[in-house]
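Enquirer: got a predicted structure here, sequence first:
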Amino acid sequence: MEALNNRVTDRGPFSGKTLTDQQMSDLLWAAWGVNRPDGKRTAPSASNAQELELYTFTAAGIYHYDALENTLYLIKKGDFRKEVVTRDFGNTAVDVFFVADLDKRRGDEESKRLMSYIDAGYISQNIYLYCASEGLGTVVYTGSLDRKKVAEHLGLGNNFHVVGGQSVGIK
């Protein structure tokens, strides 16, 4: 109840401090981690398609979140956040991007994208609740990012769609 009461959108500015390894691990597990032996997640996914992948952009680099291992894997070194986030939320610690593998969904292109947006909403809300429980600030966005640049940095194929992003910062 406390996390729900404290859940707010916070556009910063933030302190510029980085999350600890434990905070990053907890944040991503809360968002989209595996919480059951059958591989299901902390957030629902329509038809259990699990089409979303999480990528983090930090000052140190770009990482892919492996939910099964609850581990981040480095994709690229360097801070690319200002290239991909078109609005300055002020000294965020991490930007999390929700990327849909549309080949994992059934249906026409429009329904695949719509379902991925709904699933990203569940994940985003988990991030909001985690941040509220830890005193962190967060804001989700779909318009304040350069999807093409994100896709380029991640080396995504045509079957992938960058759904949106969420900034997290330490107050």
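Expert: Structure received.
Enquirer: could you point out which element follows the longest helix along the chain?
Expert: Secondary structure of the chain per DSSP state H: the longest helix is helix 109-134. Remark: after helix 109-134, the chain's next helix or strand is strand 136-141, criterion DSSP states H and E.
Enquirer: average model confidence for that following strand?
Expert: The average pLDDT within strand 136-141 is 95.
Enquirer: which neighbouring elements make contact with that strand?
Expert: The helices and strands touching strand 136-141, judged by 3 or more CB pairs under 8 Å, 6 or more residues apart in numbering; DSSP states H and E, are helix 109-134, strand 160-170. Every residue, glycine included, has its C-beta placed from N, CA and C.
Enquirer: buried deepest among the ones you listed, which one?
Expert: Each of these was scored by mean neighbour count; the highest is strand 160-170, a mean of 23, by mean count of other CB atoms under 10 Å.
Enquirer: what's that one packed up against?
Expert: strand 94-101, helix 109-134, strand 136-141, helix 147-154.
Enquirer: how about 10 Å then?
Expert: Judged by 3 or more CB pairs under 10 Å, 6 or more residues apart in numbering; DSSP states H and E, the packing partners of strand 160-170 are helix 21-32, strand 52-57, helix 81-84, strand 94-101, helix 109-134, strand 136-141, helix 147-154.
Enquirer: quick one, that strand and helix 21-32 angle?
Expert: Angle, strand 160-170 to helix 21-32, by axes from the mean of the first three to the mean of the last three CA atoms, to 10 degrees: 140 degrees.
Enquirer: now strand 160-170, how far from the centre of its chain.
Expert: Distance of strand 160-170 from the chain centroid (CA atoms, centre = their mean, to the nearest Å) equals 5 Å.
Enquirer: and it, which strands flank it?
Expert: strand 94-101 (antiparallel), strand 136-141 (antiparallel) (DSSP bridges).
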